[in-house]
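need coordinates for the following:
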Amino acid sequence: MKRLRLCVLCIILVLTNVIFPSLVFAENPISVYLDGEKIEFTTNPVLSNGTTLVPFRAIFEKLGLRVTWDEKNQRIFGDNFGDKDDLLIVLQIGNKIATVNGIDTELPVAPKIVNGSTLVPLRFVAEASGKKVEWDNATKTVKIGDDITSNKNLNQEYIFALTDEEIKEAINEGKKGVQHVLDYESVHYKLVPNKSVYNMFSDVQLLTPYHYIMRLSAMEASKYKDFSFEEAKKTAEDFQFGGRLTFEVRSYGNSIDSHKNKHFVIKQGDRIIQPYSIDGLDDFGNITDSWPDFPAYIALINVHFSTEINELLDLENIDFSKKAEFIVIHAPGQESVYEIDFSNFK
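Prediction:
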């Protein structure tokens, strides 16, 4: 049984990290302005999992960075050596890890080559250069400057910003073992649904950095290893930089693919917010101890929403100071509704 619990947690952790990238060419080209001046690109910006990608040379040079291209290793260097505050940005095609002055940062989307043009994440490069970035979804416009008032919802910091003490606390909770973490999750992160006959088909948890650090710590403890504070702090920073809100859905059914037609949304007031990525829908379910009785199969699905300005969907207006509903649509007219009070989570 202990081995089974550990395997389930392993599957959960793998699913949490899986991202299926999608590339979208906007019907109306995205416009980019730096300090009020429009930047002209040889290739139009594209969207990948909600992140705007632009040709690297144009954006680097407009930001005052010297550009170097390493053909052999497919790396891009941008620097302003000689200025008062030296800056060196290094990106690599297909690699989600970039460095800023030697410090690793995980990108939401890796640089890529599209139709012969090398594209990089616009927001990352601009913010690494000390600029602020604002996205106007109505006009598909990105504004970059020194004095822009960001639309990012400051309430998200309650969930995603952890103090050092909270990080250490999460590590210690994980050291108590896999079963302790599963019990802790059930009490603190499992959402309670409304009364519905369809609730038997799913369980839902909200995944936060604190929650995830506990899991990683428990996995290391099961191997008689420690999950270090440095690793945990990097995990928390990556979570916050990614700007995502993840719900983990355990879908139950009597067929191996009964979960594949489900859909998920957040409702807040009159707004319906669509996820930008869903992991696990294309996988087959796993057999349970109840087989062949219900539930014979379980599938683990991670549903990701953006918590900040998103260049693909207008998702920046999630208000974490107000309640919302996470809705699992099993089939037309068959829903489970989970009320969320974000103030209850850390």
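
can you pull out the helices in the protein?
For the chain, applying DSSP state H gives helices covering 2-17, 56-62, 122-128, 157-160, 164-175, 178-188, 209-222, 229-242.

so which of the ones you listed gets nearest residue 296?
helix 2-17 (16.0 Å; CB to CB). In short, each C-beta sits where N, CA and C put it, glycine included.

what is the mean pLDDT for that closest one?
Per-region confidence: helix 2-17 scores 51 on mean pLDDT.

same deal with stretch 104-124?
89.

use 694 as the first number from now on
All set: I'll call the first residue 694, so the last point we hit is now stretch 797-817.

how far is that stretch from where the chain is centred?
16 Å (CA atoms, centre = their mean, to the nearest Å).

got it, and stretch 895-905?
13 Å.

one more: stretch 902-916?
The mean C-alpha position of stretch 902-916 is separated from the chain mean by 18 Å, CA atoms, centre = their mean.

do the same with stretch 815-834
That offset, for stretch 815-834, works out to 18 Å (CA atoms, centre = their mean).

nearest to residue 955, out of the helices of the chain?
Between residue 955 and the helices of the chain, the tightest spacing by CB to CB is seen for helix 695-710, at 14.8 Å.

turn the helices of the chain into a markdown table, including distance to residue 996.
Listed next are the helices of the chain as a markdown table, based on distance: least, CB to CB, whole Å:
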| stretch | distance to residue 996 |
| --- | --- |
| helix 695-710 | 11 |
| helix 749-755 | 32 |
| helix 815-821 | 23 |
| helix 850-853 | 16 |
| helix 857-868 | 22 |
| helix 871-881 | 16 |
| helix 902-915 | 15 |
| helix 922-935 | 14 |
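
including distance to residue 954 and mean neighbour count, could those go into JSON lines?
Shown next, in JSON lines, are those (distance: least, CB to CB, whole Å; neighbours: other CB atoms under 10 Å):
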{"stretch": "helix 695-710", "distance to residue 954": "18", "mean neighbour count": "14"}
{"stretch": "helix 749-755", "distance to residue 954": "40", "mean neighbour count": "20"}
{"stretch": "helix 815-821", "distance to residue 954": "34", "mean neighbour count": "22"}
{"stretch": "helix 850-853", "distance to residue 954": "30", "mean neighbour count": "18"}
{"stretch": "helix 857-868", "distance to residue 954": "35", "mean neighbour count": "17"}
{"stretch": "helix 871-881", "distance to residue 954": "27", "mean neighbour count": "16"}
{"stretch": "helix 902-915", "distance to residue 954": "28", "mean neighbour count": "22"}
{"stretch": "helix 922-935", "distance to residue 954": "27", "mean neighbour count": "18"}
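
residue 1017: neighbour count?
Around residue 1017 there are 21 other residues, counting by other CB atoms under 10 Å.

show me what the nearest residue to it once chain neighbours are set aside bridges to in the sheet.
Nearest residue to residue 1017 in three dimensions, chain neighbours excluded: residue 961, at 4.1 Å (CB to CB, 6 or more residues apart in numbering). Beta bridges link residue 961 to residue 964, judged by DSSP bridges.

ok, residue 893 - contacts?
Shown here is residue 893, whose contacts under the criterion CB atoms under 8 Å, 6 or more residues apart in numbering are 945, 987-988.

could you dump those residues into JSON lines with distance to residue 1029, pLDDT and neighbour count added?
Shown next, in JSON lines, are the contacts of residue 893 (distance: CB to CB, whole Å; pLDDT from 0 to 100; neighbours: other CB atoms under 10 Å):
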{"residue": "945", "distance to residue 1029": "11", "pLDDT": "91", "neighbour count": "19"}
{"residue": "987", "distance to residue 1029": "16", "pLDDT": "89", "neighbour count": "13"}
{"residue": "988", "distance to residue 1029": "14", "pLDDT": "89", "neighbour count": "19"}
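
want to throw those residues into TSV with distance to residue 821?
Listed next are the contacts of residue 893 as TSV, based on distance: CB to CB, whole Å:
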residue	distance to residue 821
945	44
987	51
988	47
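
residue 806 bridge partners, please.
residue 811.

how about low-confidence regions in this structure?
694-721, 775-778, 830-831, 840-853, 933-936, 1000-1010 (pLDDT under 70).

spatially central, which residue of it would that be?
Taking CA atoms, centre = their mean, the centroid of the chain lies closest to residue 937, which sits 3.5 Å from it.

for that one, name its beta-bridge partners.
residue 999.

that one touches residue 998, doesn't it?
Yes - at 6.8 Å, residue 937 counts as touching residue 998 under the criterion of CB atoms under 8 Å.

where's the residue nearest to the centre of the chain relative to residue 985, distance?
Separation of residue 937 from residue 985 (CB to CB, to the nearest Å): 37 Å.

ok, now residue 760?
62 Å.

ditto for residue 745
For residue 745 relative to residue 985 (CB to CB), the value is 49 Å.

out of these two, which sits in the busier spot?
residue 745 (25 against 8).

measure that one to residue 789 for me?
From residue 745 to residue 789 the distance is 16 Å (CB to CB).

what does residue 774 give?
For residue 774 relative to residue 789 (CB to CB), the value is 26 Å.

between these two, tell me which one has more neighbours.
residue 789 (17 against 9).

next up, the contacts around the more buried one.
Residue 789 makes contact with 799-803 under the criterion CB under 8 Å, 6+ apart.

quick one: buried ones out of these?
Among the contacts of residue 789, those buried by neighbour count (16 or more other CB atoms under 10 Å) are 799-803.

ok, the closest residue in space to residue 760 that isn't next to it in sequence - contacts?
With CB to CB, 6+ apart as the criterion, residue 760 has its nearest non-adjacent residue at 4.8 Å, and that residue is residue 753. By CB under 8 Å, 6+ apart, the contact set of residue 753 is 759-760, 769, 771, 782, 818.
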